[in-house]
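1. Would you be able to build a 3D model of this:
(one chain, ligands or ions: 1)
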Amino acid sequence: MNTGFEQLLAGVPVLPVLVVEDAAAGVPLATALLVGGLPVIEVTLRTPAALDAIAAIRAALPQVIVGAGTVLNPDDACRAADAGARFAVSPGYAPALGAACAERRLPLLPGAATASEVMAVVNDGYSTVKFFPAEAAGGVATLRALAGPFAGVRFCPTGGVGAHNAGAYLAEPNVACVGGSWVAPAEAVRRRDWETIEGLARMAAALRRS
Ligand code: 3PG
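-> Next up, the predicted model:
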């Protein structure tokens, strides 16, 4: 169940999706996003440094709600929980993953892109769903189509979302937030250009649902 996920989000419009190559970059990166107005962040488990970065952020920045992204299986969920992740995000869904997260009391944002996939997560008790890959799966038009049969479901569109289209997604009533890597471009993280990232976060945090 992900009943706690929207409370963790606390109205924040954008969930930054982060790829951290160097664990030492985690805290300054999270600080830049926090100062820019984005206190809820997703560190993807796509690098060997990700779990150490999550642990360091959790220890150094209690105001930041750090979750683990790209959580693909029960083992990932356990490693994320052990590192101190406050929530987990998956590009898709598997019941075994949901069970592992529930066992560890880790709120899960499961991914879905089709009606059948949304039904699978809704039947397992989830009401907030990552719509992934948002742009490739039809973008705003698909979200509007899903709003009819899934009136109680709120989505976090991610994948191909950026400054150019985040506002259009956030204007949809069934969108809780959007996710994306655009607020922390890999090149800026590599350069340790925290000022640029803080500026991108500030612009993203100013996006509001109309
Ligand atoms: C994710 O894992 O959520 C996506 O890789 C983010 O997609 P983006 O890089 O297009 O924002």
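
2. Name the residues of the helix or strand harbouring Gly26 that are buried.
-> In the assignment (DSSP states H and E), Gly26 maps to helix 26-36. Going by neighbour count (16 or more other CB atoms under 10 Å), the buried part of helix 26-36 is Gly26, Val27, Leu29, Ala30, Thr31, Ala32, Leu33, Leu34, Gly36. For every residue, glycine as well, the C-beta is placed using N, CA and C.

3. Touching, the fifth one and Val66? I think so.
-> The reference is to Thr31. No - the pair Thr31 and Val66 does not pass the contact test of CB atoms under 8 Å, sitting 11.8 Å apart.

4. all helices of the protein, in order?
-> Remark: helices assigned in the chain by DSSP state H are 5-9, 26-36, 50-60, 74-83, 95-103, 115-123, 139-147, 166-170, 186-191, 194-205.

5. List the residues that contact the residue lying closest to Arg58 once chain neighbours are set aside.
-> Nearest in space to Arg58, with sequence neighbours left out and distances taken as CB to CB, 6 or more residues apart in numbering, is Gly84 at 3.6 Å. Residues near Gly84 by CB atoms under 8 Å, 6 or more residues apart in numbering: Ile54, Ala55, Arg58, Ala59, Val66.

6. What score does the third one have for pLDDT?
-> What that stands for is Arg58. Per-residue pLDDT puts Arg58 at 98.

7. Figure out how far the helix or strand bottoming out on mean pLDDT in the chain is from the centre of its chain.
-> Least confident helix or strand of the chain, by mean pLDDT, DSSP states H and E, is helix 5-9 with a mean of 85. Computed by CA atoms, centre = their mean, to the nearest Å, the chain-centroid distance of helix 5-9 equals 11 Å.

8. The chain against the ligand: which residues are in contact?
-> Residues of the chain found near the ligand (CB under 6 Å from any ligand atom) are 17, 44, 69-70, 91, 132, 158-161, 179-182.

9. Endpoints of stretch 91-98, how far apart?
-> 13 Å (CA to CA, to the nearest Å).

10. From the rest of the structure, what touches that stretch?
-> 70-74, 76-77, 90, 108, 110-112, 117, 120-121, 124, 126, 130, 132-133.

11. Pull out the buried members of these.
-> 70-71, 74, 76-77, 90, 108, 110-112, 117, 120-121, 124, 126, 130, 132-133.

12. Quick one: low-confidence residue ranges for this structure.
-> For the chain, the stretches with pLDDT under 70 are 1-3, 209-210.
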